[in-house]
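> Got a sequence here, can you build the structure:
(3 chains)
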Amino acid sequence: MITKPIHTRLMYLALFIAALLLPLYVPDDYIFQIVIMSVLYAIATSAMNLIIGFTGQASLAHGAFFGIGAYGVAILTKAGISFWVALPVSALIAALVGVLVGIPALRTRGHYFAIVTLCFGVIMWILAGNWIELTGGHNGIFGIPQPTPVRLPWLGEIEFFSQTAQYYLALGFLLLTLFGLHRLIFSVFGLTFMAIRNNEPLADAVGINTFTTKLIAFVSANFIAALAGGLYASMIGAVSPSAASHMLTFNFLIFVILGGIATLSGAVIGAFAIPIIMEFLQFLGDYRMLFFGALLVVVIIFFPQGLVGGLRRLNQRIAVWRQNKVSE
Amino acid sequence: MKKMKQVALRLLLVLSALSMVCTGAWAAEAVIGFTGPLSGPGAGYGRDNLNGLKMAADDINKAGGITVKGKKYTLKIESYDDMIDPTAAVNNARRLRSRSGARVIYNPVFNTIAPLMQINEQRGSDFLLMAYSSTPKIEAIKNDTTVSIPPPFTAYVQAFSDIAWEKGWRKAAMVVTLGAYGDEWREAFKHYWTKKGGEIVADKPANYYTDTDFSAQLSAALAANPEFLLIGGPSEPTGLVIEQARNLGFKGGFMLVDQAKMDYIADVVFKGDLSTMKDVIGIVRVLNLPSQVIADFTKRYEETYKVHVTFEAALNYSSLFAVAKAMEAAGTVSDPKAIKAAISKVLPQSGDTVPTPYQGILFQKLLVEGSVGVIADGKYQKNYQYIWWAKDENAFNKIKEKMVTSPNVEIRWMPVEGYLQQ
Amino acid sequence: MELFLQQVFNGIMFGSTYAIVALGLTLVMGILNIPNFAHGHLYMLGGYITFFFIGTLGLGFWPSLVLTLIVLGLLGVLMERIVYRPLTDQPHINAFIAAIGALIFLESLALVVWGPQGLRIPNPYPQNFELLGITIGLQRLLVIIGAITLIFGLHVFMKHTILGTTIEAVAQNREGAMLNGINVNRVSAVTFAISSATAAVAASFLSPIFMLSPSMGAILGMKAFIIVILGGMGSIPGAILGGYILGVIEALGGGYISAAYKDVFAFGALIIILTVKPTGIFGKKEA
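Numbering: from 1, shown residues only, chains lettered A, B, ... in the order given. A predicted model of the protein is given here:
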């Protein structure tokens, strides 16, 4: 396993502390809201990175699984079930659906897999809008209760009404997700994911059960996406088909690719950078999306490895420059 | 370091003194927020809403702004696009509230209204949510700082059905838009029409936002030989549906759901030629209401925004006048609860100042009559105004007395369950 | 029975549109291996350009059609040059992101230039006639005839001209074609030009009976993508057959069963077919 140099570790530690103390220095509700949403998106994006970035299977059903989590929590908590039960149950349902979809879908490869999953995503989106008895139709489900208060031994009862509490809840799940993914990806088993991405026939030849491995990556990604969706439902308080749409998938995809594919930090950076850029561009008014579309093309051409790739390249250049200076 | 601090402190003092002088001498700004679809499929609708608000703010400012506790304010509309995405709508509302200081925020789509109703009562970041949505679902959510603007669509369901019944229409087929609004309309109409004794021979909804051809649904609906078609969604595709139905040989009448505007379809889609529409029941053409204010409003609106006037624009326009007056009456531009409480004191509005005067407010619903227009044999007929919140004849007569009457308009009573008051 | 025929006629008209739009896409995807997700938005732009020529400049239907074809052909070349060529050696997913960027750009462009309201173009052939008890609009018939003519023309071009066979050569073996001195970049440009020009023709034929809106390309683009995959990437007969199948399924499903779920039938059918035949109906076995 690769050990990181000490300054990188220090940087992560500083980031961690900065994240923990964020509610103390966040300037206003508006920025806080964007940060909370970005933390949620970072969870879903990291999961997408597992299947697309590390395993090399372009699943375009990610938004649908996010939606299953969101609708699951909405329906179950509205029925009076505690959030803390509803969330894992919804995620398990998503995982189960993931198995059912994954078994036929993973028989296809490349563009074909992308389109099969996209079709599934669109079908789920249509169902969300039209299965009125279950999903409330296009109006969706509203008035979803906040997570049930938790009683902790030292801190007393914690409620989740304030932005601060919601932030810590989301942050906790993000850290958990990153920790889990880190353990998984840098394990021997995790290496088989990348082996499949790099050369599937070869991976097959050396005795990796490629189908099962792909299925496990797909289902894990869906499980985590549904967790993010469930958190989203309870925090926003209302879900409608837009929470399960393929547009959401495309957003996650943009976060992953522009952040930096197949790096843990890339997915998180993308989930923060893009929404913040979008908000920053609000001053453009009608021309905002016009500019954003062009920006997307330019960035992908000049930073094919995403922002993380760009940073790395910069780092290398500095290193080369310093070396040259020393040798002079 | 110390010096810099001192300089900064002084600068701050000067600035704050300056700003105090300014507010005394010049009018301050009260920001009215708007978040809604300004791009994507709902963009046209969102812009109609926003234009009405912009024009109202301009008119109020031109007349000298508002005076709250002796202090002059001008209104400023600040708008952001949310593309009907709940996350974006919440972001925009937070931004409007904490960055721009908006205490009144407008939103025109139920999908984004519902999440906004989750945050508009939070202490320290509360705002008055002006919700433009005709679904009665809004009334199901308890919220002290929300006002809903248009009449409930159920009022139109009943009014349209009554007129259709009087015309002798019995067999209906529905080709209504898919989506939350269309689904509710179909459900409500089915319920009311069959209770009346009418018959629904086909129900073939279509997606008015993404489809451009309706012949599959129309052929299926027409095969059941209906006397009239209930159709509608956004106005442009609704015009297309009328054209395609006539092309398929349909001779009967049309009933338009309230989202589809007779104005737009008659004036823009068919360029004023009513022969294709022939027999239609729907929301009245704004200009057909006998009022100088409306004629003037329409003319200025269409000159300024280069789009056809709609009821959305008119209702939003009038509602901002009510909010502005309520701010004056409440003596505050920053307390949402006080502003909302004061709205009832400034109503009813006079028909001489706004195009669609509100008669009152009931819990959180602004009260304005439902205006119905009829086209028969290719000509505009008499219009109807339905009072839907009067509990009994007495209450109805009291409201009717205050309204402007004209031979071109018949005022009727049509109680709608869930909205009745004395 | 009349109703059934009416639905089938509608389905065939739609299928014709789908077929020509998918045809353009399958060329780009099969030959250049570019997932051009913005293809539907080129179609949308074609509609607006037609509107510009007919509605704004007041030209006739046929000259407008030809002009739109030329403008979109040039735009296709431009798009290939600016957006996709710099990404030739990158993973496909990057080209996909670029395509999303391009489609956001095109949709916003239409919104800024022409506004959100649906626009109409006067129908040059508004006549209707009855046949076998069903009503047929002349312009609708023209859509079908136009599509078939275009398909036939494209077939002749691909099989009987040097440029056409060159394109096929690149499709079959890119490296081999390069070794034989074929300028692959030029082939890319030509393919893109043909691809966007066919989308433009579809838009020109349809715009008089439909309504133009900035978001009209999104769903069609996605359907074209699905048809291409269903037929097998790069397969011309696959795209044509897939287009007509989808058109008829939609018309019958939408007319008889449920309009709300009509896309579910079409997309569901695709999932089922691909699980049986993972590379599409006419797809090559994987290399």
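> buried sites along the biggest strand by length in chain B?
Secondary structure of chain B per DSSP state E: the longest strand is strand B:71-81. For strand B:71-81, the neighbour count (16 or more other Cβ atoms under 10 Å in any protein chain shown) marks B:73-75, B:77-81 as buried. Where you see a C-beta, it was placed from the backbone N, CA and C, and this is true even at glycine.
> How about stretch A:123-132?
A:123-130.
> Quickly find the element holding residue 227.
No chain in the question, so chain A it is. Element membership for residue A:227 (DSSP states H and E) is helix A:210-236.
> hm, I was asking about chain C
For residue C:227, the host element (DSSP H and E) is helix C:216-231.
> Which parts of the stretch 101-250 of chain C are helices?
In the stretch 101-250 of chain C, helices defined by DSSP state H, counting those that start in this stretch lie at C:138-160, C:162-172, C:174-179, C:184-206, C:216-231, C:236-252, listed in chain order.
> got the residues of the stretch 201-350 of chain B near chain C?
Counting by Cβ under 8 Å from any Cβ of the partner chain, the stretch 201-350 of chain B comes close to chain C at B:204-207, B:209-210, B:212-213, B:215-217, B:219-220, B:223, B:234, B:236-237, B:239-240, B:247-249, B:269, B:307.
> Of those residues, select the buried ones using a ChimeraX command.
Typed into ChimeraX, the line below selects the buried ones among these, using 16+ other Cβ under 10 Å:
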select /B:204,205,206,207,209,210,212,213,215,216,217,219,220,223,234,236,237,239,240,247,248,269,307
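> How about the secondary structure of residue 16?
Went with chain A since none was named. The three-state label given to residue A:16 by DSSP: H, G, I helix; E, B strand; the rest coil is helix.
> wrong chain, I was asking about chain C
With three-state DSSP as the criterion, residue C:16 reads helix.
> That one reaches residue C:246, doesn't it?
No. Look at residue C:16 against residue C:246 with Cβ atoms under 8 Å: they stay out of range, at 11.3 Å.
> and the stretch 101-250 of chain A, which residues reach chain C?
A:104-105, A:107-112, A:114-116, A:118-120, A:122-123, A:126-127, A:129-130, A:250.
> Keep only the residues you listed that also lie close to chain B.
On the criterion Cβ under 8 Å from any Cβ, A:129-130 are the entries of these that sit beside chain B.
> Show only the entries of the residues of the stretch 101-250 of chain A next to chain C found in helices.
A:104-105, A:110-112, A:114-116, A:118-120, A:122-123, A:126-127, A:129-130, A:250 (DSSP state H).
> Now the buried members of these.
A:104-105, A:110-112, A:114-116, A:118-120, A:122-123, A:126-127, A:129-130, A:250.
> Quickly note the distance from the residue nearest to residue C:101 when sequence neighbours are not counted to chain B.
Closest residue to residue C:101 in three dimensions, ignoring its sequence neighbours and counting by Cβ to Cβ, 6 or more residues apart in numbering or on different chains: residue A:296, at 3.0 Å. Distance, residue A:296 to chain B, using Cβ to the nearest Cβ, to the nearest Å: 16 Å.
> now swap in residue A:40 and tell me
Residue A:40 is 9 Å from chain B, by Cβ to the nearest Cβ.
> That residue: neighbour count?
26 (other Cβ atoms under 10 Å in any protein chain shown).
> re the thing from before, just the angle for the helix holding residue C:227 relative to helix C:236-252, thanks.
Using axes from the mean of the first three to the mean of the last three Cα atoms, to 10 degrees, one finds that helix C:216-231 and helix C:236-252 are set 120 degrees apart in direction.
> hmm, helix C:216-231 in reach of chain B?
Yes. Helix C:216-231 is in contact with chain B by Cβ under 8 Å from any Cβ, via C:216, C:218-219.
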